[in-house]
Every structure is written in structure tokens, then in C-alpha cells.
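[1] the following comprises the amino acid sequence and a computationally predicted model.
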Amino acid sequence: MAFRDYRDLLRQMENDMQRFSEEAFLGFLDPPSGVHRFWQPSADVHETHNGIVIKMELAGVTADGINVSLSADGRRLTVAGVRAERHEERAERTHCHQLEIYFGPFERTFAIHPEVDIERENISATLKDGFLTILLPRRPRQPMTSRSIPIEVQE
């Protein structure tokens, strides 16, 4: 059990370092898609017996500011949107001592493993307490059965 916790901790550290590196270079490089992404919200992705759960930290983002889409091949889920800063709040600032909250557009794309078969029609997303939770239910596997194929006789 301790070994699993240690591996999970290392995996989380690796993911954080990758995300921090990407965020650091976003200001210097333009993304290839031409869309400027200033920040990427933190996310947890895990599997259950019933499917995949994606939980994103989106404090201050309203539901109408979020777009969740699944690619045509069902292998990529994209969450895009914008966290808007009220103009009044920005206008009242006279001096900034510390600014750590990102505002503006965001986008995250999650790859879905090819061996996971998702029920496209039953995907759900809920926004509660600043967290967006997306449930991608797993399609039940059909039992493999043999089948007799009739032979058509042509004359």
C-alpha cells in the first residue's frame, strides 16, 4: 500500500511539473491552434468500475462560460471556457501586491484510452462549489458468444 501511495505521489509531482512548465512557456509561445490559452485549470482524472471521472477546479467560472465536447472518434474530451474578471474589480486596483488568480480563456483536453468504450449518450457534467465533475460512463461489454453463419446456396 505504501508503495502505491509513493508512486501516486511521484506521478502527481510529474504532472504538476509538466503543467507548471507549460504555463511558464504559454506567455512566450503561441499555441499551434492559434487560440491563446493563458491558464489551464487543475484536474483529477480517475477510473471507477462504471467509467471515467474528470474533476476540474473552476472557481469563479459560471456554467454558461464552459463548453464540454467529445471528439467524433470518442478519444478526446475537451473542456474550454473563460473565467471573466469583473471590470469594476480591475478598475478599483491602485497597487498590486500579489496576483495568482488567472482570468481569461482556458482549455484542457483529456485523452481517453482506446480500450475504454464510453457511452456517448450518457455523459454528464455538473458544476458545484467551484468544481466541474464530468462522468464518462463505461459501456457494458457484451459477452462474446459464438454464432452460426448460414450458407446461402446460389445456382
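    In hand now; what should we look at?
[2] who does the closest residue to Gln40 other than its chain neighbours form a beta bridge with?
    Once flanking residues are discounted, Gln40 sits nearest to Arg108: 5.5 Å by C-beta to C-beta, 6 or more residues apart in numbering. Bear in mind the C-beta positions are built from the backbone N, C-alpha and C, glycine included. Note on Arg108: beta-bridge partners Val79, judged by DSSP bridges.
[3] list the contacts of Arg108.
    By C-beta atoms under 8 Å, 6 or more residues apart in numbering, the contact list for Arg108 reads Gln40, Pro41, Ala43, Met56, Thr78, Val79, Ala80.
[4] and the helices in the chain, which stretches?
    2-26, 87-92 (DSSP state H).
[5] gap between the two ends of stretch 89-106?
    Terminal residues of stretch 89-106 are spaced 20 Å apart (C-alpha to C-alpha, to the nearest Å).
[6] could you list the buried residues of it?
    Phe103, Pro105, Phe106 (16 or more other C-beta atoms under 10 Å).
[7] start and end of stretch 80-99, how far apart?
    First residue to last in stretch 80-99 (C-alpha to C-alpha) measures 22 Å.
[8] where does pLDDT dip in the chain?
    1-4, 19-38 (pLDDT under 70).
[9] what's the domain layout of it?
    Annotated domains of the chain cover 1-30, 37-137 [automatic domain parsing].
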